[in-house]
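> Here's a sequence, model it:
(one chain, ligands or ions: 1)
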Amino acid sequence: MSDTTQKVALITGATSGIGLEAARLLAKQGHRVYIGARTAENVAVTVKTLRAEGLQADGKELDVRDTASVKAFVQGAVDTYGTVDVLVNNAGRSGGGPTADIADELWDDVIDTNLNSVFRMTREVLTTGGMRDKDHGRIINIASTAGKQGVVLGAPYSASKHGVVGFTKALGNELAPTGITVNAVCPGYVETPMAQRVRQGYAAAYDTTEAAILQKFQAKIPLGRYSTPQEVAGLVGYLASDTAASITSQALNVCGGLGNF
Ligand SMILES: NC(=O)c1ccc[n+]([C@@H]2O[C@H](COP(=O)([O-])OP(=O)(O)OC[C@H]3O[C@@H](n4cnc5c(N)ncnc54)[C@H](OP(=O)(O)O)[C@@H]3O)[C@@H](O)[C@H]2O)c1
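Numbering: from 1, shown residues only. Got it, this is the predicted structure:
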């Protein structure tokens with residue numbers, strides 16, 4: 001019997017890319033996974049897909065920018081599966097451009113989606129989700145190597161992810177005596193729908209092709225290729241395990257050597 005059997009894991013943004021593979025792996029490890037994203041239809045399809053693979057999954061529409069939605073989501077998980085053992089704050093968006101031209105709306109939405117959301121979800125899981133009354137727990141925040149180094153034309157994104165790393169370190173230290181660990185996973189370039197949108201954005205900004213941007217990005221990665229969502233999920237799965245009990249307040253890269261700090 002796996003040490004994760006019957007544990008409940010919440011994953012935000014789990015209908016695509018990294019979140020989907022994290023949900024799949026945690027479910028394969030024996031977690032009951034509860035997933036959320038804004039598009040209800042995609043949540044339903046993803047739940048169906050995971051169940052068809054023999055996994056325990058359920059979920060609900062969720063907008064991590066909306067406190068009422070976050071509350072309803074966590075309550076929904078508790079009603080369905082019981083109190084929460086693992087939270088993966090994965091939902092996020094890209095966004096940037098020349099900083100002088102960035103509108104308030106874009107700046108605010110990137111910070112709200114990527115950073116404020118992590119606070120909102122975490123607070124709700126600790127309270128409504130019952131995690132703070134347990135003697136164990138796992139909070140795993142999907143940050144980015146852009147949370148450790150500046151990304152040109154990505155000031156709001158980089159700022160939001162640096163914020164996630166700071167939140168992780170502070171909360172990890174705060175909760176360490178309780179048995180709840182808090183860590184950030186920092187992917188570099190990962191082949192997902194978001195990565196495609198990012199390449200489109202840079203191709204437009206530099207007036208070149210997406211293929212040229214792909215080549216430029218790959219050349220920066222010592223491994224020579226993008227990471228896969230499964231490779232990022234692998235670290236999430238490890239951090240969720242009992243063996244990872246002494247890893248807390250860390251920001252760990254999965255990036256093919258792109259960042260080496
Ligand atoms: N791909 C990369 O190269 C890369 C690198 C470093 C870090 N990351 C980080 O990894 C995470 C996942 O990225 P990904 O590449 O897997 O992205 P993705 O393929 O675009 O998937 C994003 C997921 O988040 C959901 N989502 C977006 N906004 C949301 C909101 N306001 N509320 C709830 N769910 C929301 C999306 O569904 P809906 O649109 O239906 O809501 C989708 O399920 C993000 O935090 C991203 O910043 C990615």
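> use CA for all of it now, contacts and neighbours both
Fine.
> Figure out the helix or strand that residue 213 lives in.
helix 210-220 (DSSP states H and E).
> Show me what that helix is packed against.
With contacts taken as 3 or more CA pairs under 8 Å, 6 or more residues apart in numbering; DSSP states H and E, helix 210-220 sits against helix 193-205.
> any idea how far the ligand is from the residue nearest the centre of the chain?
Residue closest to the mean C-alpha point of the chain, counted by CA atoms, centre = their mean, is residue 90 at 1.8 Å. Relative to the ligand, residue 90 is positioned 5 Å away (CA to the nearest ligand atom, to the nearest Å).
> Surely that residue and residue 141 touch.
Yes - at 6.3 Å, residue 90 counts as touching residue 141 under the criterion of CA atoms under 8 Å.
> What pairs with the lengthiest strand in the chain, parallel or antiparallel?
In the chain, assigned by DSSP state E, the strand with the most residues is strand 180-187. Strand 180-187 sits in its sheet next to strand 137-142 (parallel), strand 251-254 (parallel), going by DSSP bridges.
> could you dump it to PDB, C-alpha only?
The C-alpha trace of strand 180-187 is given here as PDB (Å, rounded to 0.1, in the frame of the first residue of the first chain):
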ATOM      1  CA  ILE A 180       3.400  20.800   6.600                       C
ATOM      2  CA  THR A 181       6.000  21.400   4.000                       C
ATOM      3  CA  VAL A 182       5.900  24.300   1.500                       C
ATOM      4  CA  ASN A 183       8.000  24.200  -1.600                       C
ATOM      5  CA  ALA A 184       8.200  25.800  -5.000                       C
ATOM      6  CA  VAL A 185       8.900  23.900  -8.200                       C
ATOM      7  CA  CYS A 186      10.600  26.100 -10.800                       C
ATOM      8  CA  PRO A 187      10.200  24.900 -14.400                       C
END
